[in-house]
Every structure is written in structure tokens, then in C-alpha cells.
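1. Sequence unavailable; structure follows:
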């Protein structure tokens, strides 16, 4: 069966610091991968999606970036965090239309 | 107009009642529809998918789709306190999520 991992689970970072969140999927090959952000009390905002290694599409231009160095690895990064980057970051994978989410990383920027 | 719209709630129902959650979408070309449940502080969990007009039942859950009216709903029969969560509607082409409806089931 497929499993999706995210780490860290929680993170507190100061404004202006860098960020790296990692997502890995087990039990499948060449999945579509997605990064979402959910601000407190808000819906899901799609940030990036990837259909293969090195192939990244950005949905929202901002100070975040994503990379897919390996088939089942998806990384979300920032060089300098803003207060508005606080939120719940979710990685998801998709075999077809539906998506399955990882446990998420709760980021607080102080 | 938002691409996928849901009433934010909260929707409060007594234990044992039927909870009805509604979702409308704007893209007439949408083919696949999903309902996710999200407990507070947790990630969304897929609970139902529906692709054709009509009803689809899975245990206490029934998804209903009406493409002509661009409307999809989720019925939860015999609601339990453990059903208290936010329910997200999602629609393809590119998966678009609604804002979610918060459901509270009172014992």
C-alpha cells in the first residue's frame, strides 16, 4: 500500500529564516505530487504540483519554491520566510483524479 | 464566483440525525467529485468519490451528484459525535477545493 510522509511535523521559524519541508511517498512510482497551504480557518491553497522529476508548476508566485529531485520526493523551500507564510503545509499524491494527503507540517513564523 | 462553493457553517445536528452538506461548482466540464473529511489539526482524508449523476452510498455516507445543476452533496445518516469535522468538497479538472463546511454533531 502507499504511504506518504512529511517532516517535520511542527516548525517554529523566525522571519527571514530559510525553510525546507520534505515529502516522500512509498509504494508507488511516478506519482503526481502537490504542495498545499492551509491558513488558520481557511481552505486549501495549491502552491505547486509536479508530474515528474524536475517538473514543477507553480500556482501562486511568492517567496516559496519547490523541487522534485527524485521520483517520490518533493521539497518545499524558501530563502526568507515571511509572517504570512505561517500555516499548515500539506503534501499530497495522486494516482488518478483523487488526492491523498500526508500528515502535514504546521509552520509558525515568528 | 468561486469555482467551488460550500456553506462554511457551522452546521449543527443532533446525534442520530441526517447531516446534509452541499457544494456547487462553476466548471460544467468537471468530471470527478470528491468529499474529504478533516478533523481539527489533521490532514484531509478522502471519504467519497462520485463520477456520474445520481447517488453513491458507502455505509452511512451517500454522495449525490447533479451535473445539470452543478451540485454535489454529502449525506451522513445516523450522525455520530465522531463525525464532527470540516468536510471539503473537491472537483476536477485541476482539483479545486471548496472552503469546507464545519459539522458539529451534538450528543
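-> Nice, thanks for sending it over. Everything numeric in this text was worked out from a predicted model, so none of it was measured.

2. What mean pLDDT does stretch B:73-83 get?
-> Across stretch B:73-83, pLDDT averages out at 98.

3. Residue numbers of chain A in contact with chain B?
-> Neighbours of chain B within chain A, by C-beta under 8 Å from any C-beta of the partner chain: A:42-44, A:46, A:90, A:94, A:97-104, A:106. In this view, the C-beta of every residue, glycine as well, is placed from N, C-alpha and C.

4. Just flag the most distant two among these.
-> Using C-beta to C-beta, the residues of chain A next to chain B span at most 27.5 Å, a distance reached by A:97 and A:106.

5. Could you pull out the strands in the chain for me?
-> By default, I'm working from chain A. Assigned by DSSP state E, chain A shows strands spanning A:3-7, A:10-13, A:19-26, A:32-38, A:44-52, A:55-58, A:64-70, A:73-78, A:87-94, A:100-101, A:105-109.

6. Chain B, not that one
-> Ranges of strands in chain B, per DSSP E, are B:4-6, B:11-14, B:19-25, B:33-38, B:45-50, B:54-58, B:61-66, B:71-76, B:85-91, B:96-97, B:101-106.

7. who wins for proximity to chain A among those?
-> Closest of the strands of chain B to chain A is strand B:96-97, at 4.4 Å (criterion: C-beta to the nearest C-beta).

8. how far away is residue A:30 from residue A:3?
-> From residue A:30 over to residue A:3 the distance is 16 Å, taken as C-beta to C-beta, to the nearest Å.

9. For residue 83, give me its contacts.
-> In the absence of a named chain, this looks at chain A. Applying C-beta atoms under 8 Å, 6 or more residues apart in numbering or on different chains to residue A:83 gives the contacts A:15, A:109.

10. wrong one, chain B
-> Under the criterion of C-beta under 8 Å, 6+ apart, the neighbours of residue B:83 are B:19, B:76, B:103, B:105.
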